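Colleague: What would the 3D arrangement of this be:
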Amino acid sequence: MQRHGPPRFQNLVRESTARSQLLIVEDDPGMRDCLHLVLDDEYSVLEAADGQTAIKTVQTRSVDLVLLDLLIPDIDGIEILQQVKALRHDLPVIVLTGVKTLRTAVEVMKLGACDYFTKPFQEEELIASIQRALAEGIVQRLPKSHRILLVDEDIARRAALAVALGRLGSIEVAATFFDGLKRALTLRPTCAVLLADRQPD
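Modeller: Next up, the predicted model:
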């Protein structure tokens, strides 16, 4: 199974966290193995086959994101989502389920899930959602007084991120790594965001 993570948010996650820790809440061993194949190269992956274990893991481990199946034997997935959000309201939760109904999708999003996928899902779309959720979580945790240096050769993406990050502090932008290095020597940023399109293998 090949993995092709999208460039957007990829470097932000990699630069800001050594190795994000994901929790898979899934009772199907085959699906857990599939998710491990997709995620193990980039993330530290924990797993829980039931709701009680999932809740305990969120309480006792440093979890950065939860991948949650809704059909869990001991506790309904909706209830797990509610308990996780009650424990840590800022913890990103992505729902993975075989139940494809608009009502379910709307309900989980209202309860705080950041995304919703029906099985079988597209690997690239799931990876993109995970990277986006982790990056947004990092941004939310940044102190408001940050001096942020944004380095990105894509002018449209650079402008969009500058607007998004602007509420957190002062923003300096650079189009190339060399230009960014020169600005870093004078600006002395408290945070640097480096984005680069992934080169083809």
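Colleague: where do the helices sit along this protein?
Modeller: Using DSSP state H, the helices of the chain run over residues 10-16, 29-39, 51-60, 77-87, 102-110, 123-141, 155-165, 177-187.
Colleague: Can you tell me which of those is nearest to Leu23?
Modeller: Nearest of these to Leu23, taken as C-beta to C-beta: helix 51-60 at 5.7 Å. Using the backbone N, CA and C atoms, a C-beta is placed for each residue, glycine as well.
Colleague: Quick one: mean pLDDT over the closest one.
Modeller: Across helix 51-60, pLDDT averages out at 94.
Colleague: do stretch 185-194 as well
Modeller: Stretch 185-194 shows a mean pLDDT of 75.
Colleague: Just the C-alphas of that stretch, formatted as CSV.
Modeller: Below are the C-alpha coordinates for stretch 185-194, written out as CSV (Å, rounded to 0.1, in the frame of the first residue of the first chain):
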residue,chain,number,x,y,z
LEU,A,185,18.7,36.1,11.6
THR,A,186,17.1,39.6,11.9
LEU,A,187,13.6,38.7,13.1
ARG,A,188,14.6,36.0,15.6
PRO,A,189,11.1,34.3,15.3
THR,A,190,9.6,32.3,18.1
CYS,A,191,8.1,30.0,15.5
ALA,A,192,9.0,29.1,12.0
VAL,A,193,6.6,27.4,9.5
LEU,A,194,8.3,25.8,6.6
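Colleague: Domain parsing of the protein, as residue ranges.
Modeller: 16-140, 143-195 (automatic domain parsing).
Colleague: Please identify the most buried of the ones you listed.
Modeller: Of the domains of the chain, the one with the most neighbours on average (mean count of other C-beta atoms under 10 Å) is domain 16-140, at a mean of 17.
Colleague: quick revisit: mean pLDDT lowest where, among the domains of the chain?
Modeller: In terms of average pLDDT, domain 143-195 trails the rest of the domains of the chain, at a mean of 77.
Colleague: Pull up the gap between the spatially closest residue to Lys85 that is not a sequence neighbour and Gly169, please.
Modeller: Closest residue to Lys85 apart from its sequence neighbours, by C-beta to C-beta, 6 or more residues apart in numbering: Gly112 at 4.6 Å. In this structure, Gly112 and Gly169 are 26 Å apart, going by C-beta to C-beta, to the nearest Å.
Colleague: same question, Asp27
Modeller: For Asp27, the distance to Gly169 equals 44 Å [C-beta to C-beta].
Colleague: So which of the helices of the chain is nearest Val66?
Modeller: Per C-beta to C-beta, nearest to Val66 of the helices of the chain: helix 77-87, 6.1 Å.
Colleague: The nearest residue to Lys100 once chain neighbours are set aside and Gly98, how far apart?
Modeller: Of all residues not flanking Lys100 in the chain, Thr118 sits nearest, at 4.4 Å (C-beta to C-beta, 6+ apart). Using C-beta to C-beta, we find Thr118 at a distance of 7 Å from Gly98.
Colleague: my guess is Leu39 meets Leu22, correct?
Modeller: Yes - assessed by C-beta atoms under 8 Å, Leu39 is found in contact with Leu22 at 6.2 Å.
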